[in-house]
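Participant: Quick one: sequence and predicted model below, then my questions.
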Amino acid sequence: MPEERFPWDAIFGRGGKGDEPPFLFRRKEGEEIGKRFKERWGKISSRTKWIVGIVIIVIAIILLSASWLSTFYTDYLWFKEVGYTSVFWKVVWTRVWLFFAFGLLFFVIFYGNMWAARRLNPRYEKPAAAASPVEESLARFREAAGRWLNRGILAVSILISFIVGWTSAGQWEKVLQFFNHTSFAKADPIFGKDIGYYVFEYPFISYFAAWLFTSLIFILIFTAVIHFLYGAINFTNKGGRFSAQVKMHLSVLAALILLVQAWRYRLDMFRLLYSTRGVAAGANYTDVHAQIPAFWILIVACIICAALFILNIRYRGWKLPVAGVAGIVVVAVLAGALYPLLIQNYVVKPKELARESEYIGYNIEFTQDAFHIQNEGERAAVTTRQFPASLDLTYDDILANRTTVGNVRLWDPRLIKQVFNQRQELRQEYDFGDVDVERYTVFGDEYTQMMVSGRELVIDQLREDARTWQNERLSYTHGYGLVMSPSNQVTSQGDPKLLIKDIPPVSEAGLGLEVKLPQIYYGEQAHDYVVVRSGAEEIDYSIGSEIQYVEPYYQGEGGIPISGFLKRLAFSIRNRDITFFFSGYINNDSRLMFRRNIKDRASEVAPFLRFDGDPYLVVTDDGRLVWIMDAYTTTDLYPYSQPYNNEFNYIRNSVKVVIDAYNGTLTYYLVDPEDPIAATYAKIFPDLFTPLEEMPQDVRRHLRYPEDLFSIQMEMYRTYHLNDIGAFYKKEDIWDVSTETYGAGGQPQPVTPYYVIL
């Protein structure tokens with residue numbers, strides 16, 4: 001009996017007889033299938049059809065937005081893990097509010113003008129036989145347009161409004177700053193406004209003015225097109241190119257655009273406080289005496305031109321408003337560009353110091369204040385002291401400064417890092433990425449400067465044949481322990497003296513410091529996600545051929561519980577990792593750790609903070625490892641302040657972030673509540689900051705002045721230690737940073753800041 005086969009060839013192939021086409025492509029059968037489908041579909045109620053259509057649309061949207069939905073859901077789970085869901089939802093709801101506010105506002109303005117354009121159009125009349133080809137084409141369009149143009153305009157309005165709302169949602173930070181601003185208790189010297197206005201309010205006001213101006217121009221163009229398509233703008237009509245209604249409509253829009261532009265000119269005046277025209281940042285003589293008056297002239301010109309557009313509604317033609325627009329262009333060139341140029345070249349430059357001295361003084365004052373480097377008056381933050389060389393050092397002097405003399409540094413962190421990696425790396429997958437300079441009280445009462453470095457896991461350093469999914473995600477999950485060495489001691493072999501070393505960590509007898517929880521799941525070199533409490537064996541550490549596994553399992557609370565189908569699916573989509581979804585090792589007790597890099601972790605919760613480049617690892621009294629990271633509030637909108645590297649012109653070290661290396665817990669401690677920027681974010685996110693008084697004492701005693709901040713202030717202070725305007729202008733006493741030669745045959749390089757115990 002011949003084998004029965006499903007007729008695939010007849011359906012999808014070349015057909016069963018001769019050159020007969022496949023079943024699905026035969027016209028007769030295809031028409032029959034279509035006919036049966038129409039008959040069955042026709043019997044379905046309208047309500048059911050609507051439900052089916054909605055379900056299909058929802059499924060399509062879900063499939064198309066799966067990546068976005070998975071990211072949103074997993075972000076929520078992550079914020080829930082670290083305990084900052086209030087921050088997450090504050091940002092989300094602000095973005096939603098902005099999406100609808102700006103989207104609906106644009107829709108009302110845009111669709112309202114489109115509706116008005118339809119209503120203001122003359123009734124359609126068929127053109128004469130002698131009409132031009134263009135008119136005939138437009139006539140055919142107008143005959144057909146009535147059936148679909150209204151719906152088309154509505155659809156376009158909704159689509160554009162959606163895009164506008166989506167892009168505007170990204171301005172959430174500006175909006176929150178606007179509604180929660182804090183005073184700086186200091187005003188700018190030109191306009192007399194509080195600095196808080198420029199830092200917190202001006203960005204959103206400026207954005208809204210630009211948004212409104214752009215939207216109105218876009219609407220004007222679209223409105224003109226609609227009028228043209230409906231014949232209200234007729235370039236072949238000798239009696240007039242614009243109907244009276246259309247002229248009124250377009251004139252009102254043009255007048256509104258000009259009024260908004262007048263407002264923008266007013267806002268542009270404030271931007272002069274960051275001008276770079278003069279010898280120092282901020283509005284100079286030309287800006288104050290030429291550019292600001294020019295802006296006032298342009299404001300008046302825009303208002304007059306707007307009035308001309310309104311008045312011109314009663315007259316034929318466009319000569320009057322066109323002349324007004326031309327006048328604005330002329331004023332912009334002559335008053336806005338040429339006049340300030342002439343003042344700068346022929347009034348300021350011949351007597352620059354005399355003309356600019358007042359504004360240089362503002363720059364010195366505001367820059368010193370912004371970088372907290374004032375050296376005079378009640379608010380002085382920097383004290384200059386002379387340290388003359390002395391040849392009469394006595395034994396009593398040494399005894400009186402025993403701690404300082406005993407901590408004279410012998411090791412450079414750059415050099416000792418190489419030794420740590422050579423002697424204590426122990427496995428190729430471990431690495432000492434950075435050496436931190438710390439201080440501890442050891443051996444009872446010895447206050448000692450220490451070189452400390454965490455032994456982190458770098459998965460890229462695994463052997464190639466060991467880089468399997470299971471090893472990278474489930475087995476090799478963390479670094480282990482640290483190395484600690486006093487900066488002032490060497491062994492008889494010339495090596496650093498290691499007070500804490502090896503795996504597991506071993507402390508020298510009597511040190512008074514012990515690492516009891518050495519695992520580093522979160523660190524400077526941790527990047528990829530890992531899963532703990534899985535069915536696979538998790539490697540705790542390995543020495544040579546000996547492997548010690550985590551027993552019985554990870555005991556901390558770090559990571560996101562991933563029980564349930566939805567969580568596994570969401571993380572699989574987010575990480576584009578199908579193996580994660582199907583892995584049999586992952587169970588209901590498993591926890592997924594991601595954003596394990598401490599800088600990424602801290603910046604995800606507080607993207608408005610700038611983080612120091614040198615987090616440091618601390619051993620607490622109970623033997624835990626925690627990271628301390630300095631965070632800064634910055635802005636580039638502090639009036640008259642000189643920018644640092646064109647990045648910002650104000651900085652404060654207002655926040656200290658503490659991250660547990662085992663659990664990944666995040667705590668943001670507010671150390672400078674007087675900082676207006678930090679105070680504003682404390683208003684926006686009431687649950688974000690923790691008072692410094694609540695920081696554990698065994699962590700607090702390790703706080704230090706940040707190297708990055710010191711370097712920034714030192715760079716600015718090279719010039720801004722000068723308070724004399726004449727000396728500043730002539731650059732008579734600009735300080736230089738000392739140089740050093742590092743390494744064999746090295747070139748001279750600036751000395752980087754380093755810590756000493758005094």
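Facilitator: Noted; the coordinates are in hand. Numbers count the residues shown, from 1 in each chain.
Participant: Now do the buried residues in the helix or strand where residue 327 lies.
Facilitator: According to DSSP states H and E, residue 327 maps onto helix 319-333. For helix 319-333, the neighbour count (16 or more other Cβ atoms under 10 Å) marks 321, 324-325, 328, 331-332 as buried. Where C-beta positions appear, they are placed from N, C-alpha and C, glycine not excepted.
Participant: which is the next helix or strand following that helix?
Facilitator: Counting by DSSP H and E, what follows helix 319-333 is helix 339-343.
Participant: can you list the residues that contact that following helix?
Facilitator: Applying Cβ atoms under 8 Å, 6 or more residues apart in numbering, the contact partners of helix 339-343 are 285-287, 289-291, 294.
Participant: top of those residues by neighbour count?
Facilitator: Tallying neighbours with other Cβ atoms under 10 Å puts residue 286 at the head of those, with 26 neighbours.
Participant: okay, which residue is most central for this structure?
Facilitator: residue 607 (5.6 Å; Cα atoms, centre = their mean).
Participant: count of neighbours near the residue nearest to residue 581 when sequence neighbours are not counted?
Facilitator: Nearest in space to residue 581, with sequence neighbours left out and distances taken as Cβ to Cβ, 6 or more residues apart in numbering, is residue 572 at 3.8 Å. Burial measure for residue 572: 17 neighbouring residues, criterion other Cβ under 10 Å.
Participant: Make sure residue 572 is indeed in a helix.
Facilitator: Yes. According to DSSP: H, G, I helix; E, B strand; the rest coil, residue 572 belongs to a helix.
Participant: Show me where the stretch 201-350 of the chain has its strands.
Facilitator: In the stretch 201-350 of the chain, no strands are defined using DSSP state E, counting those that start in this stretch.
Participant: what bits of it have low per-residue confidence?
Facilitator: The model of the stretch 201-350 of the chain has pLDDT under 70 over residues 234-240.
Participant: Would you agree the residue nearest to residue 581 is in contact with residue 578?
Facilitator: Yes. The pair residue 572 and residue 578 passes the contact test of Cβ atoms under 8 Å, sitting 6.1 Å apart.
Participant: if we can go back for a sec, what residues does the helix holding residue 327 touch?
Facilitator: Residues outside helix 319-333 that contact it (Cβ under 8 Å, 6+ apart) are 251, 254, 258, 297-298, 301-302, 304-305, 308-309, 311-312.
Participant: quick one: which of those residues sit in helices?
Facilitator: Within the contacts of helix 319-333, residues falling in helices by DSSP state H are 251, 254, 258, 297-298, 301-302, 304-305, 308-309, 311.
Participant: Can you name the two of the residues you listed that sit furthest apart?
Facilitator: Spatial extent of the ones in helices among the contacts of helix 319-333 (Cβ to Cβ) is set by the pair 251 and 297 at 23.4 Å.
Participant: ok, so of the buried residues of helix 319-333, who is nearest residue 74?
Facilitator: Sorting the buried residues of helix 319-333 by how near they are to residue 74, with Cβ to Cβ, puts residue 332 at the top with 50.9 Å.
Participant: Please tell me how far the closest one sits from residue 421.
Facilitator: From residue 332 over to residue 421 the distance is 63 Å, taken as Cβ to Cβ, to the nearest Å.
Participant: swap in residue 693?
Facilitator: 39 Å.
Participant: Which of the two has more residues huddled nearby?
Facilitator: Using other Cβ under 10 Å, the more surrounded residue of residue 693 and residue 421 is residue 421, with 17 against 8.
Participant: Tell me which residues touch the more buried one, please.
Facilitator: Going by Cβ under 8 Å, 6+ apart, the list of residues near residue 421 reads 431-432.
Participant: Buried subset of the ones in helices among the contacts of helix 319-333 as a PyMOL selection?
Facilitator: To isolate the buried subset of the ones in helices among the contacts of helix 319-333 in PyMOL, counting by 16+ other Cβ under 10 Å, use the following:
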select buried, resi 251+254+258+297+298+301+302+305+308+309
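Participant: Switch the ones in helices among the contacts of helix 319-333 over to JSON lines; also include distance to residue 115.
Facilitator: Compiled in JSON lines, these are given as follows (distance: Cβ to Cβ, whole Å):
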{"residue": "251", "distance to residue 115": "18"}
{"residue": "254", "distance to residue 115": "19"}
{"residue": "258", "distance to residue 115": "24"}
{"residue": "297", "distance to residue 115": "38"}
{"residue": "298", "distance to residue 115": "34"}
{"residue": "301", "distance to residue 115": "32"}
{"residue": "302", "distance to residue 115": "28"}
{"residue": "304", "distance to residue 115": "31"}
{"residue": "305", "distance to residue 115": "27"}
{"residue": "308", "distance to residue 115": "27"}
{"residue": "309", "distance to residue 115": "22"}
{"residue": "311", "distance to residue 115": "26"}
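Participant: Just name the closest of the ones in helices among the contacts of helix 319-333 to residue 661, please.
Facilitator: Once Cβ to Cβ is applied, the member of the ones in helices among the contacts of helix 319-333 that ends up nearest residue 661 is residue 298, at 58.5 Å.
Participant: right, and that closest one touches residue 305 too?
Facilitator: No. Residue 298 is beyond contact range of residue 305, at 10.3 Å (criterion: Cβ under 8 Å).
Participant: Phi first, then psi, for the residue nearest to the centre of the chain.
Facilitator: Backbone geometry at residue 607, expressed as degrees, to the nearest 10, gives phi -70, psi -10.
Participant: mind checking how far it is from residue 118?
Facilitator: For residue 607 relative to residue 118 (Cβ to Cβ), the value is 45 Å.
Participant: And residue 352, by the same measure?
Facilitator: Residue 352 is 61 Å from residue 118, by Cβ to Cβ.
Participant: cool, and residue 444?
Facilitator: For residue 444 relative to residue 118 (Cβ to Cβ), the value is 89 Å.
Participant: Then residue 579?
Facilitator: Residue 579 is 57 Å from residue 118, by Cβ to Cβ.
Participant: In terms of neighbours, single out the busier of those two.
Facilitator: Taking other Cβ under 10 Å, residue 579 and residue 118 do not tie; residue 118 has more neighbours (17 against 13).
Participant: Any stretches of this protein with poor pLDDT?
Facilitator: Ranges of the chain meeting pLDDT under 70: 1-43, 45, 49, 122-147, 234-240, 744-745.
Participant: domains of it?
Facilitator: Listed by automatic domain parsing, the domain ranges of the chain are 1-43, 97-241, 417-599, 600-750.
Participant: quick one: the helices in the stretch 1-150 of the chain?
Facilitator: For the stretch 1-150 of the chain, applying DSSP state H, counting those that start in this stretch gives helices covering 8-12, 27-43, 46-64, 66-82, 85-120, 133-145, 149-168.
Participant: would you list those helices in TSV and tack on distance to residue 213?
Facilitator: Listed next are these as TSV, based on distance: least, Cβ to Cβ, whole Å:
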stretch	distance to residue 213
helix 8-12	58
helix 27-43	50
helix 46-64	33
helix 66-82	31
helix 85-120	12
helix 133-145	30
helix 149-168	14
